[in-house]
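A.B. asks: turn this into a model:
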Amino acid sequence: MTVRVGVLGATGAVGQRLIQLLDPHPSFEITTLTASDSSAGRSYRDAAKWRVDSPIPTGVADMTVQATEPDSVPDDVDLLFSSLPSSVGAEVEPAFCEAGYVLSSNSSNARMDADVPLVIPEVNADHLDLLEVQRDERGWDGAMVKNPNCSTITFVPTLAALTQFGLESVHVSTLQAVSGAGYDGVTSMEIIDNAIPHIGSEEDKLETESRKLLGDFDGAELTQNSVEVAASCNRIPTIDGHLENVWVETEEDISADDAAAAMESYPSLDLRSSPDPLIHVFSEPDRPQPRMDRTLGGGMAIATGGIRESPFGLQYNCLAHNTIRGAAGASVLNGELLLENGYL
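C.D. replies: The predicted structure follows:
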């Protein structure tokens with residue numbers, strides 16, 4: 001089955017990654033691209049400053065960019081991938097759902113809404129059925145699923161692997177790449193020879209989204225996990241790849257070997273974009289590293305290493321490619337899950 005798809009916010013950094021990942025995808029056919037009013041009516045080649053590390057797909061380059069509104073998208077589009085700024089997404093995404101479109105969205109708006117599934121398929125695929133609650137409560141023919149923040153995606157799969165030991169508290173300090181702020185997000189004068197120990201609203205996203213992702217869904221209501229999470233977020237001068245230092249306290253005693261085995265054996269899914277293994281465990285204490293390890297599993301794997309026991313619980317480092325696993329790839333994977341579960 002080939003699904004006709006569109007990309008909302010197609011000219012931005014995540015929109016470009018989406019196009020790069022969707023163009024060769026055997027299940028998805030790009031038929032519609034939208035962007036801001038200043039880009040609408042222009043060819044995609046002219047509207048987008050293409051910055052992705054592969055040539056712009058020939059089948060997309062000459063497509064005409066549409067305005068980001070339901071009336072501009074053909075009725076036969078089965079799935080929309082959204083990479084809109086959250087301020088825009090908060091306004092227009094519900095309008096698309098009301099018009100009957102299904103959205104797999106990377107935008108941060110509505111992630112914590114009680115009836116919006118926030119999904120990492122390998123962690124909480126069952127939460128997707130919140131869409132039934134969402135449609136009942138909102139009267140939508142369409143639906144909206146979200147993937148979490150790029151820094152949240154990096155460490156939550158490792159926590160999911162450790163839930164068998166009883167999670168009590170988590171402390172995480174992030175070292176986040178500049179691409180996470182978008183092309184114009186951090187100037188060179190700010191970040192070269194520097195580190196910025198604050199990223200607006202990022203700490204809150206890690207602390208709240210992680211508890212929702214690890215929560216339990218009973219078919220009608222989602223109960224968040226009770227684990228306490230504290231985060232500190234830092235911007236560093238790497239291009240791609242968020243590296244995170246994590247300390248975990250568990251109810252049961254857990255050795256470094258137990259943790260490594262749990263992460264190594266944590267299952268992937270039988271979906272095209274889900275890597276096997278999902279979590280790559282390094283024995284070397286100085287890995288993972290962004291430049292060397294961010295493209296594991298096509299950029300969709302989580303890398304971890306430096307696992308050891310400490311006075312503050314289990315300690316380890318983890319890494320993910322923030323614009324692939326942490327953004328565009330996560331949305332594509334959620335699209336595959338929607339297709340697998342009959343929502344398209």
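
A.B. asks: contacts, neighbours, all on C-alpha from now
C.D. replies: Fine.

A.B. asks: do a quick rundown of the strands in the protein.
C.D. replies: Using DSSP state E, the strands of the chain run over 3-8, 28-35, 66-67, 79-82, 102-105, 143-146, 167-176, 216-217, 222-223, 228-235, 242-250, 279-281, 302-310, 313-320.

A.B. asks: just the angle between the last one and strand 242-250, please?
C.D. replies: Okay, so that is strand 313-320. Put simply, strand 313-320 runs at 150 degrees to strand 242-250, going by axes from the mean of the first three to the mean of the last three CA atoms, to 10 degrees.

A.B. asks: same thing with the first one?
C.D. replies: Between the axes of strand 3-8 and strand 242-250, defined by the same axes, to 10 degrees, the angle is 100 degrees.

A.B. asks: got the contact list for strand 3-8?
C.D. replies: The contact list for strand 3-8 (CA atoms under 8 Å, 6 or more residues apart in numbering) reads 15, 18-19, 27-35, 68, 76-84.

A.B. asks: can you turn the buried part of the residues you listed into a ChimeraX selection?
C.D. replies: Buried residues among those (16 or more other CA atoms under 10 Å), as a ChimeraX selection:
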select :15,18,19,27,28,29,30,31,32,33,34,35,68,77,78,79,80,81,82,83,84
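
A.B. asks: for stretch 111-121, what does the pLDDT average out to?
C.D. replies: Averaged across stretch 111-121, pLDDT comes to 98.

A.B. asks: could you pull out the buried residues of it?
C.D. replies: Buried, per 16+ other CA under 10 Å, within stretch 111-121: R111, M112, D115, V116, P117, L118, V119, I120, P121.

A.B. asks: with distance to T152 as added columns, please give the residues you listed in JSON lines.
C.D. replies: What follows is the buried residues of stretch 111-121, written out as JSON lines (distance: CA to CA, whole Å):
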{"residue": "R111", "distance to T152": "12"}
{"residue": "M112", "distance to T152": "13"}
{"residue": "D115", "distance to T152": "20"}
{"residue": "V116", "distance to T152": "17"}
{"residue": "P117", "distance to T152": "15"}
{"residue": "L118", "distance to T152": "11"}
{"residue": "V119", "distance to T152": "11"}
{"residue": "I120", "distance to T152": "10"}
{"residue": "P121", "distance to T152": "14"}
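
A.B. asks: so which of the residues you listed are in helices?
C.D. replies: With DSSP state H as the criterion, helices contain P121 from among the buried residues of stretch 111-121.

A.B. asks: just name the closest of the buried residues of stretch 111-121 to D240, please.
C.D. replies: Nearest to D240 out of the buried residues of stretch 111-121 is I120 (CA to CA; 20.1 Å).

A.B. asks: give me the spatial nearest neighbour of the closest one, chain neighbours excluded.
C.D. replies: Once flanking residues are discounted, I120 sits nearest to N147: 6.4 Å by CA to CA, 6 or more residues apart in numbering.

A.B. asks: now that neighbour: how far from S265?
C.D. replies: Plainly put, N147 is 23 Å away from S265 if you go by CA to CA, to the nearest Å.

A.B. asks: excluding its backbone neighbours, what's nearest P197?
C.D. replies: Distance criterion CA to CA, 6+ apart; nearest residue to P197, sequence neighbours excluded, is N234 at 4.3 Å.

A.B. asks: domain-wise, how is the protein divided?
C.D. replies: Using automatic domain parsing, the domain parsing of the chain gives 3-148+327-340, 150-322.

A.B. asks: next up, the contacts around the residue nearest to I120.
C.D. replies: When contacts are counted by CA under 8 Å, 6+ apart, N147 touches S104, S105, N106, R111, L118, V119, I120, A327, A330, S331, N334.

A.B. asks: ok, back up a step: which one of the buried residues of stretch 111-121 is nearest G142?
C.D. replies: Ranked by distance to G142 (CA to CA), the buried residues of stretch 111-121 are led by V116 at 12.4 Å.

A.B. asks: correct me if wrong: the closest one contacts S108.
C.D. replies: No. Using CA atoms under 8 Å, V116 makes no contact with S108, being 11.6 Å away.

A.B. asks: what is in contact with the two at once?
C.D. replies: Both V116 and S108 are contacted by K146, under the criterion CA under 8 Å, 6+ apart.

A.B. asks: for this protein, just list every one of the helices.
C.D. replies: Remark: helices assigned in the chain by DSSP H are 13-22, 44-47, 58-61, 86-98, 121-124, 130-138, 150-162, 188-191, 202-213, 256-264, 290-293, 329-340.

A.B. asks: so which bits of the fourth one are buried?
C.D. replies: Across helix 86-98, burial judged by 16+ other CA under 10 Å covers G89, V92, E93, P94, A95, F96, C97, E98.

A.B. asks: for that helix, name the packing helices and strands.
C.D. replies: Counting contacts by 3 or more CA pairs under 8 Å, 6 or more residues apart in numbering; DSSP states H and E, helix 86-98 packs against strand 102-105.

A.B. asks: how far away from the center of its chain is the strand it packs on?
C.D. replies: Taking the mean of its C-alpha atoms, strand 102-105 sits 13 Å from the chain's own mean (CA atoms, centre = their mean, to the nearest Å).

A.B. asks: do the same with stretch 211-218
C.D. replies: 17 Å.

A.B. asks: and that stretch, how far apart are its ends?
C.D. replies: This stretch, stretch 211-218, spans 16 Å end to end (CA to CA).
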